[in-house]
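Engineer: Sequence plus predicted model, see below.
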Amino acid sequence: MIGPIKDLFFRRMKALKGELPEYYSYKLTNEIRHKIIGNILDHRYLRNNPFGRNYDELEEFVILLERELGRSISDEYLTEKKIQDFLFNSTSEEFLTAIELLIALKVSNMHKFHDDYHYLQENISSFISKVNSIFKIDKIGYEIVPAGLEDLPFIVVPFNSKYLYLETIKQPMILMFDEDFKGPLNEFQKALDKYKINDFEGAIINANKSYESTVKTILDFKKIDYNEKKDKIPQLIDKLKDSDLIDSTLISVFSSFWPVLKNGPNNIRNLSGIAHGQGKEIKKIEKTYADFVLRTVGTYIVFLIERFKETK
């Protein structure tokens, strides 16, 4: 099955008329759901078993969905109809959860049915590629990415701007998506949520919290004491010298970023000619600043978590 195809006639006409959205949306319309459901059915894995009942991947998918959600997903009888009914009427969170669960099931089947291993490997790759293409072509702000978790090999991650969606945003979310770093991940997601509604100062504040939580989490695992209430990022970073995580020559690099997090928005407001009488301009500057902080915090978090995993 070919597609999705980016430059079809109706899309070219929309582009010429200026009707294509400039920014990414998070609304899973019926049109988007229909396209993804079509790909779920196209990639359905059926297995003939001469020794018993034939295997239908989507039947197991229904069972797993109902088990995870703790309820029946539909009153429809046929498996295909049951899945369509649920996915057309589910919340966005449930819909994206279903995608993660289906991919996890496909990966499990790839290891279970060894004689179909390569077929299932191609099936998974094709499914992920096509769904990601739908997201990209229709400017829906999500992507399926590898997570490396035992029970959840792929996850759906949101991104909040065509400018912000870089490895420095995606990678920290992937690394934090485990039990060790759920706190920092929660703060990082809040930072992205604030950014999405143009609350750039809120984005910076929550990025700061995510960075601080990451360092505290690592110190906890390294069993290095710190003052929960009094110690801020400079003190926390300094304590990493007591571990083998960061070479002493790098401590100053990490510490120097703290003034940017702490004073950056205020410094920008106080620049001559900016603080007064330029209403819209200050928002543009703060957006650029929020972009910088989120990318930089993401880079620092990636380094810290990867170093922590290397030195466990």
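Structural biologist: Here it is on my side, so go on.
Engineer: Quick check: which ranges of this structure have low pLDDT?
Structural biologist: The model of the chain has pLDDT under 70 over residues 1-24, 50-53, 147-150, 159-171, 173-179, 196, 242-243, 247-286.
Engineer: max-length helix in it?
Structural biologist: Looking across the chain with DSSP state H, the single longest helix is helix 279-310.
Engineer: That one - contacts with which helices or strands?
Structural biologist: helix 167-176, helix 182-196, helix 200-221, helix 258-269 (3 or more CB pairs under 8 Å, 6 or more residues apart in numbering; DSSP states H and E). Just so you know, the C-beta spots here come from the backbone N, C-alpha and C atoms, and that holds for glycine as well.
Engineer: Report the angle between that helix and helix 200-221.
Structural biologist: Between the direction of helix 279-310 and that of helix 200-221, the angle (axes from the mean of the first three to the mean of the last three CA atoms, to 10 degrees) works out to 10 degrees.
Engineer: Would you indicate which residues of helix 279-310 are buried?
Structural biologist: When burial is assessed from 16 or more other CB atoms under 10 Å, helix 279-310 yields the following buried residues: 282, 285-287, 289-291, 293-302, 304-305, 307-308.
Engineer: what's the answer for stretch 182-202, then?
Structural biologist: The neighbour-count check on stretch 182-202 (16+ other CB under 10 Å) flags 183-185, 187-192, 194-196, 199-200, 202 as buried.
Engineer: cool, and stretch 111-131?
Structural biologist: L120, N123, I124, F127, I128, K130, V131.
Engineer: Which two among the buried residues of stretch 182-202 are spaced furthest apart?
Structural biologist: Farthest pair in these (CB to CB) is G183 and F200. Separation: 22.8 Å.
Engineer: Can I get stretch 139-159 in CSV? Just the C-alpha atoms.
Structural biologist: Provided in CSV are the C-alpha atoms of stretch 139-159 (Å, rounded to 0.1, in the frame of the first residue of the first chain):
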residue,chain,number,x,y,z
LYS,A,139,1.0,19.1,10.4
ILE,A,140,-0.1,17.2,13.5
GLY,A,141,2.4,17.8,16.4
TYR,A,142,3.3,14.2,17.3
GLU,A,143,5.9,11.7,16.2
ILE,A,144,6.5,8.0,17.1
VAL,A,145,10.1,7.6,18.3
PRO,A,146,12.1,4.7,19.8
ALA,A,147,12.1,4.7,23.6
GLY,A,148,14.2,1.7,24.4
LEU,A,149,11.9,0.5,27.2
GLU,A,150,11.4,-3.2,27.7
ASP,A,151,7.6,-3.1,27.6
LEU,A,152,7.2,0.1,25.5
PRO,A,153,9.8,0.1,22.7
PHE,A,154,8.2,3.1,20.9
ILE,A,155,6.4,6.1,22.3
VAL,A,156,4.5,9.0,20.9
VAL,A,157,6.0,12.4,21.7
PRO,A,158,4.6,15.9,21.2
PHE,A,159,6.5,18.8,19.8
